[in-house]
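Colleague: Here's a sequence, model it:
(one chain, ligands or ions: 2)
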Amino acid sequence: MGEAPAFCVDNLQNGFSNGFNLKSEGCETSTNVGDKTFVIGGLNDGSTSSIGVQIYGKSTGKWVIPTVLGTKPKPCKGHSAVLLSEEQILIITRGSTPDDCIWFLEVDTKYVKEQKKVLGTEVVAWSKGVMGEAEKPVVISGPSGVGKGTLINMLMKEFPSMFGFSVSHTTRAPRDKEKNGVHYHFTERSVMEKDIKDGKFLEFASVHGNLYGTSIEAVEAVADSGKRCILDIDVQGARSVRASSLDAIFIFICPPSMKELEERLRARGTETEEQILKRLRNAEAEIEQGKSRGIFDHTLYNDNLEECYKNLRGLLGLDGIAPTNYKPSPKGIDLPLNHSVSKIDNKILINCETPESGNASKNLIVLDVSSLKGGAPGRTRGLNVYAIDSFSDGFDGVHKLS
Ligand SMILES: Nc1ncnc2c1ncn2[C@@H]1O[C@H](COP(=O)(O)OP(=O)(O)OP(=O)(O)O)[C@@H](O)[C@H]1O
Ligand SMILES: Nc1nc2c(ncn2[C@@H]2O[C@H](COP(=O)(O)O)[C@@H](O)[C@H]2O)c(=O)[nH]1
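Modeller: Numbering: from 1, shown residues only. Ligands and ions are numbered 1, 2, ... in the order given. This is a model prediction of the structure:
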């Protein structure tokens, strides 16, 4: 802390960043946000550069290396940075795949502010941009044995290309037939506690004597596959996610009675007598919290399984949708290496040059950021992209890319 970073460009204090907070040449950019300058970029190995973040305090005259949360962009051939608001910087990477070129660096969002308090350091958070109106994640909660897993399996079986499961971490021992990385990431408590401390979890809770948690990576992996994320978490976890910026639908599954819940837990045969009694004791409090206001958008009673599943399908807007007709949303934009970036209101204009028979023909890609949703931890949804073709030879037409 305090020393200028190795990749620092000259003259930062003398106006390195231009008046539009936009710079697209070289392997690093600098963006002014309030009295801080965010220098993004880094060490260049000749062909690609890895994206690091350093903060220069204009009033303190000191450099700070922040805690960086979320998965950062892969090494690329440079990037452009555009200040969207006092909260976030849009990063467009060069030489990346179409699904990996639009990123957001959150510098002062609600999530970043909270994490600054928790971690006691400067914090920034990466969130990848997702094209189009990706559907909200679905949080399913309810007492142990109520049938959450059964209902989720039915959804995933009927709509395999639509839903993806957020694989949680847990310190509990695997049951017969449970596979590491599929049902859970089974982990040591000390490892999980360190990862929690390092900000890798969207939420975590102590449930029935073990630690359970949803990693940011688990949710991002599903979003990256173009699928709608389903989380199976307890009520404490649901409350934490509700307080986060993950804009989700929250559904509480309620048993028809405690007697029926006990019978289901016993019939499942996966817990010892002591564990069954502990889960039943906890169930009463969970049901009470589940019914209280403020966490859940919907409650479904799982008495008859088929009926409950039909209601769940209805809630998620799946009635009348043929599973085979579902196509994951478009993945991204194919940007040429040479492009320049500018901003007008909520539109980011990307000028792409393609040399054709001696004449440079230009295409303009318009990135509409007026309807962004979600953000770190997780993905930023709602990016819309339009292309305007060959405007050097005259207007050729507009077409929507997402
Ligand atoms: N409507 C239902 N009627 C009868 N049995 C059911 C019903 N729904 C689920 N079950 C059965 O109840 C048992 C518990 O279901 P499941 O494992 O899906 O619960 P869960 O809520 O995911 O539990 P946990 O939170 O412990 O993972 C399973 O054996 C399942 O087959
Ligand atoms: N807060 C969280 N709760 C979770 C998560 N993953 C699962 N769970 C909940 O734990 C109980 C017990 O699950 P089991 O597999 O041991 O029967 C159940 O209510 C789950 O919903 C998580 O990541 N975070």
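Colleague: could you point out where the protein is predicted with low confidence?
Modeller: 1-26, 42-49, 133-134, 324-331, 354-362, 389-402 (pLDDT under 70).
Colleague: By proximity to ligand 2, which residue of it wins?
Modeller: G237 (2.4 Å; CB to the nearest ligand atom). C-beta coordinates here come from the backbone N, C-alpha and C atoms, glycine included.
Colleague: where exactly do the strands run in the stretch 1-150 of the chain?
Modeller: 22-23, 28-33, 36-41, 52-57, 62-64, 67-69, 79-83, 88-93, 102-106, 123-131, 138-141 (DSSP state E, counting those that start in this stretch).
Colleague: Same list (those strands) but as CSV, adding distance to H169 and mean neighbour count.
Modeller: As requested, the strands of the stretch 1-150 of the chain are exported to CSV (distance: least, CB to CB, whole Å; neighbours: other CB atoms under 10 Å):
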stretch, distance to H169, mean neighbour count
strand 22-23, 39, 20
strand 28-33, 33, 21
strand 36-41, 30, 22
strand 52-57, 26, 20
strand 62-64, 30, 15
strand 67-69, 17, 19
strand 79-83, 32, 22
strand 88-93, 28, 24
strand 102-106, 23, 26
strand 123-131, 20, 25
strand 138-141, 17, 24
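Colleague: And stretch 229-243, end to end?
Modeller: 18 Å (CA to CA, to the nearest Å).
Colleague: ok, residues contacting that stretch?
Modeller: Here stretch 229-243 makes contact (CB atoms under 8 Å, 6 or more residues apart in numbering) with 137-141, 148-149, 152, 155-156, 163-166, 168, 202-205, 207, 212-214, 219, 222-223, 248, 250, 252, 286, 289-290, 294-296.
Colleague: ok, and for that stretch, which residues are buried?
Modeller: Judged by neighbour count using 16 or more other CB atoms under 10 Å, the buried positions of stretch 229-243 are 229-242.
Colleague: if we can go back for a sec, any chance of a PyMOL selection covering the buried ones in the contacts of stretch 229-243?
Modeller: To isolate the buried members of the contacts of stretch 229-243 in PyMOL, using 16+ other CB under 10 Å:
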select buried, resi 137+138+139+140+141+148+152+155+163+164+165+166+168+202+203+204+205+207+212+213+214+219+222+223+248+250+252+286+289+290+295+296
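Colleague: Narrow the contacts of stretch 229-243 to those in helices?
Modeller: Of the positions in the contacts of stretch 229-243, K148, G149, I152, L155, M156, V219, V222, A223, E286, Q289, G290 sit in helices, assigned by DSSP state H.
Colleague: before we move on, the earlier item: nearest to ligand 1, of the buried residues of stretch 229-243?
Modeller: Distances from ligand 1 to the buried residues of stretch 229-243, taken by CB to the nearest ligand atom, are shortest for D232, at 6.5 Å.
Colleague: any idea how far that closest one lies from G199?
Modeller: To G199, D232 is 22 Å away according to CB to CB, to the nearest Å.
Colleague: Equivalent analysis for E260, please.
Modeller: Where G199 is concerned, E260 sits at a distance of 40 Å (CB to CB).
Colleague: Give me the nearest residue to L265, chain neighbours excluded.
Modeller: G145 (3.7 Å; CB to CB, 6 or more residues apart in numbering).
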